[in-house]
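Chemist: Mind folding the following:
(chains A and B)
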Amino acid sequence: MHQIKSKLNGLINIRYAPPLLITLILLTGQFTFGILEGYKPILLSIGCSLLTEYFLSRVVYGKAKNLSSAYISGISVGILVRTTLLWPFAITAILSIMSKYVLRFRERHIWNPSNFGISWMLTFVPFSVAGLSIQWGNNIWPMFVIWVLGLFIVWRAKRLHITATYVISFILFSYLRSRITGDPFFTEVAPLTGPMYQLFVFFMITDPGTTVNNRNGQILVAFLVALVEFLLRLNQVIYAPFYALFLVGPAAMVIYLQLQKIHQSRMNFITKAKS
Amino acid sequence: MAKRNKQRIIKVIVTFIFAGILAVPVLMGYFTRQTATVTGTFAPAAAIKKFGFYFEEVSKQSGVNFVHHSPKLDPLIDPILPQIASVGASVSVCDFDNDGWNDFYVTNSCFGYKNALFHNQRDGSFIDVADKMGLADLNKAGSGVSMGAVWADYDNDGYEDLLVYKWGRPELFKNDHGKGFTNVTEKSGLPGWINANTAIWFDYDGDGFVDLFIGGYYREDIDLWHLKTTKILTESFEYSQNGGRNYLFKNMGDGTFRDVTAEMGLTSTRWTLAAGAVDLNRDGYPELIIANDYGLNEFYFNEKGKRFIEKGNSTMIGLSPKSGMSVAFGDTDNKGQFGIYISNITEEGILLQGNNFWVPIADKEKVLYENVAGKNGIEAGGWSYGSQFGDLNNDGFIDLYVANGYISGEKGTSYWYDYSKVTGGNSAIISDLKNWPDMKGRSQSGYQQNKIWLNEGTGHFRNVAKYVAEEETYDSRAAVMADLWNRGVLDVIVANQNNRLMIYKNNVDPANHWIAFDLEGVRSNRSAIGAIIELYWDSKLQSQVVTGGIGFSAQNQRRVQFGLGKSSKVDKIVIIWPGGTKQTVQNPEVDKIHKILEI
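Modeler: This is a model prediction of the structure:
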C-alpha cells in the first residue's frame, strides 16, 4: 500500500503533473467541443517546441533536457494562438523556446516561454494572429473538473499560493474596475471563467523556471501581475494578462536575482571576515 | 578554454538566429501596413482598362431614396441595442410583373417605417409601388418587423409570390398576376411568430412545388419588444444551441404549408443567419447549407427528399465554430463544381475567423471539403455579412462581392474590449443582457469598405474595391447582383443597415461577351429554383444555379448570366432541372437573354 502510494505520488510529482494536466485540458476541450480546427496547428506547435528544445539543449549545453516544459509550451501555443495560418504556430513555438536560451540573466531565463512568444506575436502580427479570447462552451463541468485538478496539481507542486493570490487579486481588482467603469461585477470577472485563464493561472504564472524562489516573493509577484493587468484593463487592453506577465515576470526575476547576488556577496564577505 | 569559446560562439549564433526570427513578424507587420496604406484611386477609364469594369452609384438618379431604419426594442436591450438591432436591411430581386425587367423589394425594420417595392420603369428609374401593391406597411407592433424577403412562384401560376420573414409573424403574399398582392398568411399554415433572419425557397422533395426553409435566430418564444427575461442571448460564442428553431415547410400544392422540420431531421436550434440550397452531389435533390452565428455551420445531405442527414463534421464544413453570416455558391475555377462561401468575422488582433470557401476534395471513400479561402485570397473580409458570386466584368470567371461592417458608431471608439471581456465568460454571464456593458455609441468593426474580389482566372482573387468604385463605408448587410437595365451586365444593389440603399450601375468593357437565361419549369417548379446550368464554351465549363434566396437576407435576379470574355460562341448549355432531368441547347446566340422552357 505504501509502495503504491509512493508510486502514485511519484506519478503526480511535479515533473509530470503539469504536462498531464495540460494534456487533459486539451483533450477535454477537443472531445467536448472540438476546439482544434484540425490537428496540424497543435502538432506543429508541439513539434517545433520539442525539436527546438532538444536541438538547443544539445547544442548549447551539450546534453538533452527533459522535454516536458517544451511540451507544455507547445500545447499552450497551439491552444492560445488563433490564426487561419500555420506558420504563426511554428514561429511562436520556436520563439518561445529560444527565449529560454537567449534572454537570460544570471544563468536563468526570465520570461515564461509561451508568454514571451505569444505576447510578441500578438503585438507584432495582429493582422495574422489573435489570442484565445472566447470560451469553448457553455458546459460548466469540464471547466469545473479542470479547475479542481489544476488546483490539486498546483497544490502538489507547492504553487497553490501563487494561483490563489492571483485569482483573489483578480477578483478584488474586478470589483474595483466595476466601481470605476460602472460595468457589472460579473462582466469584469467573466474572463476568469474562460479557458484562456485556466492556462494562464495553472501554467504561466506558476512556471517554476521564471518565478522567484521564495514564497513571499512569489505571492508579491502574483499580486503585481494582477495589479498591472488591472491597469492595462482600465486602458482596454484585450490581452492584458499576457502583457502583465510579460512586463512583471522578468522585472521581478531580475530584481530577485540581483538581490540574491547582493545577499550572496554579503554572506561571502561576512564569512571571509569571520575567517 | 577552447570549449568555453566554442560555447560562446554557439550562444552568439543562437542569439543572432533568435533576433532574426523575432524580426520576421516585425518586418511582416511593417510591410503589411505599408501595403495596406497605399491609397487606391478610383478612375473609371483606368478601371475599365485594367479590370474590365467599374461601378457608378446611381440610387438618387434612379429615384431610389430608400433609407433603412433599425428596430427599437425593449428598453432592457438599450445598452447594446446597436448589436441586437444590427440586421434587417435586405434586398430581393424579382420581375414581379413579368415585363422582362428586374424589380426589387427592400425591407425596413422599425415600426412605422415601410418596406418598398421598386418597379423598373425601363428608362433607368424605379418607382416604389409597395403601397399600391399592398407590400409596404408590414412593420407594426404586434406583428414584428421585417428582416428580409424571398420571391418564388409557390403556386406555379406564372407570377412570383413573396414571403417576408420577420422578427415576428412571417407573411406570405400571393402575386395577383402582377397587379397586386394578397396576404395569404392566415390560411398558409405558417406559424404566428419566428425571430427569423433567413428564409429560402427550394424544392427539397422534387414534387414540382417550392418548399420553404426559415431559419430562427432568437428563440421563437421571445418577443423582443416585451422581454420577460434578460437571459435571451447566446449561451456560448462557439457552441451555442439556444437559438431559435429552424423550420422546413412542405408546400402542399394547395396554398398551404406543412411543418416537416422534425421528420426531415432539421431540428437544430443554433443561431441561424443564412442558408443556401443546391444539388451538390447531382442526385436530383438539393443539399441544404446553414450558416450559424456563434457556432458550427450545418451541411445537410438530402436523401432523395425523404430526409436530411447532417454531415458538417465529416465534410469539415461544420468542424470549426465561427460566425457564419452568409452562404453563396460559386464555380470559381470553371470546373463545373460549386464551392461554398461562408462569411465570418475578421478583426485584426482580436478575432481572425476569416471567411471560408469550401471546395470539394476528390475522395473515393467520403465527401470532403477543404477551405481554400486563404489560398484564393478571399479570406480577410472584415465583419462580413452578405456575399455574392457573379461575373462582374464578363471575362468568363465569376467574381465575389462581400458586404462588410458591423456597427459604425462614434469614430475612433471601439467596443471590442468590452465585447471580448464578456465573451470570455461562462454561459451564465454572457447569455444575460444585464452583464453586457453599455455600448455608449461606440463603434465595433465599423466604417469598413465592402470587398470586390476579382477572379484573376486562376481561382485566385484580388480586392479591387478601391479601384472600381468610390469608397463607401456603410454597415452593409445584403448585397445582390442583377442586370437592372437588360444590358448584359451584373449591377449590384447593397442594403445598408440604418442607412441608404445603394445601387451600383456596372459599366463593363463592351469587348467582353455574355449570355443570359430565363428558365421556366414545367414539371419542375415554375421558378426553376434549383436548376443548374452548365455552359460549355471556349473549351471551358461554367456552372451556375438558380436559387430561391442566397447570401445574407438577399436574393439575386432569377436570370442566370454568364460572361464569356472575348469568345463570341457558346458550344452548348446543359440545363439540369430539379429532379435531375437534363436539357441541352446547342450553340445559343451570345449577347442575348434566352427564355427557356423545360421540355
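
Chemist: okay, CA-based contacts and neighbour counts for the rest of this
Modeler: Will do.

Chemist: Wasn't residue A:91 part of a helix?
Modeler: Yes: per DSSP: H, G, I helix; E, B strand; the rest coil, residue A:91 lies within a helix segment.

Chemist: ok, and the closest non-adjacent residue to it?
Modeler: residue B:21 (7.4 Å; C-alpha to C-alpha, 6 or more residues apart in numbering or on different chains).

Chemist: Who are the packing partners of whichever strand or helix holds the one you found?
Modeler: Assessed by DSSP states H and E, residue B:21 sits inside helix B:2-36. Counting contacts by 3 or more C-alpha pairs under 8 Å, 6 or more residues apart in numbering or on different chains; DSSP states H and E, helix B:2-36 packs against helix A:40-61, helix A:87-102, helix A:113-124.

Chemist: can these go into a markdown table with extra columns for mean pLDDT and mean neighbour count?
Modeler: Below are these laid out as a markdown table (pLDDT from 0 to 100; neighbours: other C-alpha atoms under 10 Å in any protein chain shown):
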| stretch | mean pLDDT | mean neighbour count |
| --- | --- | --- |
| helix A:40-61 | 94 | 20 |
| helix A:87-102 | 95 | 25 |
| helix A:113-124 | 94 | 24 |
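
Chemist: The residue nearest to residue A:91 touches residue A:95, doesn't it?
Modeler: Yes: counting by C-alpha atoms under 8 Å, residue B:21 does reach residue A:95; the two are 7.1 Å apart.

Chemist: partners of the strand or helix carrying residue B:401, with directions?
Modeler: Using DSSP H and E, residue B:401 maps to strand B:399-404. Sheet pairing of strand B:399-404 (DSSP bridges) gives strand B:384-390 (antiparallel), strand B:451-455 (antiparallel).

Chemist: I'd like these as TSV, with mean pLDDT, mean neighbour count and distance to residue B:3 appended.
Modeler: Output for the strands paired with strand B:399-404, formatted as TSV (pLDDT from 0 to 100; neighbours: other C-alpha atoms under 10 Å in any protein chain shown; distance: least, C-alpha to C-alpha, whole Å):
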stretch	mean pLDDT	mean neighbour count	distance to residue B:3
strand B:384-390	98	30	59
strand B:451-455	97	24	59
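
Chemist: How about residue 44: what's its closest non-neighbour residue?
Modeler: Answering for chain A, as no chain was given. residue A:90 (6.1 Å).

Chemist: my question was about chain B
Modeler: That would be residue B:54: by C-alpha to C-alpha, 6+ apart, it lies 6.0 Å from residue B:44.

Chemist: what's the distance between that neighbour and residue A:56?
Modeler: Residue B:54 sits 56 Å away from residue A:56, taking C-alpha to C-alpha, to the nearest Å as the criterion.

Chemist: Repeat that for residue B:147.
Modeler: Applying C-alpha to C-alpha to residue B:147 and residue A:56 gives a distance of 59 Å.

Chemist: Give me the below-cutoff pLDDT ranges for chain B.
Modeler: B:1, B:33-40, B:363-364 (pLDDT under 70).

Chemist: With chain A instead?
Modeler: A:1-15, A:33-34, A:37, A:133-139.

Chemist: ok, back up a step: got the buried residues for the helix or strand following the helix holding residue B:21?
Modeler: Moving toward the C-terminus from helix B:2-36, the next helix or strand (DSSP H and E) is helix B:44-51. Buried residues in helix B:44-51, counted by 16 or more other C-alpha atoms under 10 Å in any protein chain shown: B:44, B:47, B:48, B:51.

Chemist: Distance to residue B:32 for the residues you listed - can I get that in a markdown table?
Modeler: Formatted as a markdown table, the buried residues of helix B:44-51 follow (distance: C-alpha to C-alpha, whole Å):
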| residue | distance to residue B:32 |
| --- | --- |
| B:44 | 27 |
| B:47 | 24 |
| B:48 | 27 |
| B:51 | 23 |
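
Chemist: Please identify which of those is nearest to chain A.
Modeler: Within those, the smallest distance to chain A is 27.1 Å, found for residue B:51 (C-alpha to the nearest C-alpha).

Chemist: How about the closest one, nearest residue that isn't a chain neighbour?
Modeler: Per C-alpha to C-alpha, 6+ apart, closest to residue B:51 is residue B:393, 7.3 Å.

Chemist: can you tell me which residues contact the one you found?
Modeler: B:51, B:52, B:53, B:489, B:508, B:509, B:512, B:563 (C-alpha atoms under 8 Å, 6 or more residues apart in numbering or on different chains).

Chemist: does it belong to a helix or a strand, and which?
Modeler: Using DSSP H and E, no helix or strand contains residue B:393.

Chemist: any idea how far it lies from chain A?
Modeler: 30 Å (C-alpha to the nearest C-alpha, to the nearest Å).

Chemist: cool, and residue B:256?
Modeler: On the measure of C-alpha to the nearest C-alpha, residue B:256 and chain A end up 39 Å apart.

Chemist: Confirm for me that that residue is in contact with residue B:184.
Modeler: No: checked against C-alpha under 8 Å, the pair residue B:256 and residue B:184 is beyond contact range at 9.2 Å.

Chemist: ok, those two, which is more surrounded?
Modeler: Neighbours were tallied for residue B:256 and for residue B:184 using other C-alpha atoms under 10 Å in any protein chain shown; the higher tally belongs to residue B:256 (18 against 15).

Chemist: what number of residues lie near the nearest residue to the more buried one once chain neighbours are set aside?
Modeler: Distance criterion C-alpha to C-alpha, 6+ apart; nearest residue to residue B:256, sequence neighbours excluded, is residue B:188 at 4.2 Å. By other C-alpha under 10 Å, the residues close to residue B:188 number 18.

Chemist: Check residue A:77 too.
Modeler: 29.

Chemist: and if you look at residue A:270?
Modeler: There are 11 residues near residue A:270, going by other C-alpha under 10 Å.

Chemist: Helix or strand: which one has it?
Modeler: helix A:240-274.

Chemist: separation between the residue lying closest to residue B:11 once chain neighbours are set aside and residue B:320?
Modeler: Residue nearest to residue B:11 in three dimensions, not counting chain neighbours: residue A:60, with 6.7 Å by C-alpha to C-alpha, 6+ apart. Using C-alpha to C-alpha, residue A:60 is found at 40 Å from residue B:320.

Chemist: Residue B:292 now?
Modeler: Applying C-alpha to C-alpha to residue B:292 and residue B:320 gives a distance of 11 Å.

Chemist: more crowded one of those two?
Modeler: residue B:292 (31 against 21).

Chemist: Up against chain A, what does the stretch 401-550 of chain B have?
Modeler: Taking C-alpha under 8 Å from any C-alpha of the partner chain as the contact definition, the stretch 401-550 of chain B meets chain A at B:417-418, B:420-427, B:429, B:434-438.

Chemist: can we see that at 6 Å?
Modeler: B:417, B:421, B:422, B:423, B:424, B:425, B:426, B:427, B:435, B:437 (C-alpha under 6 Å from any C-alpha of the partner chain).
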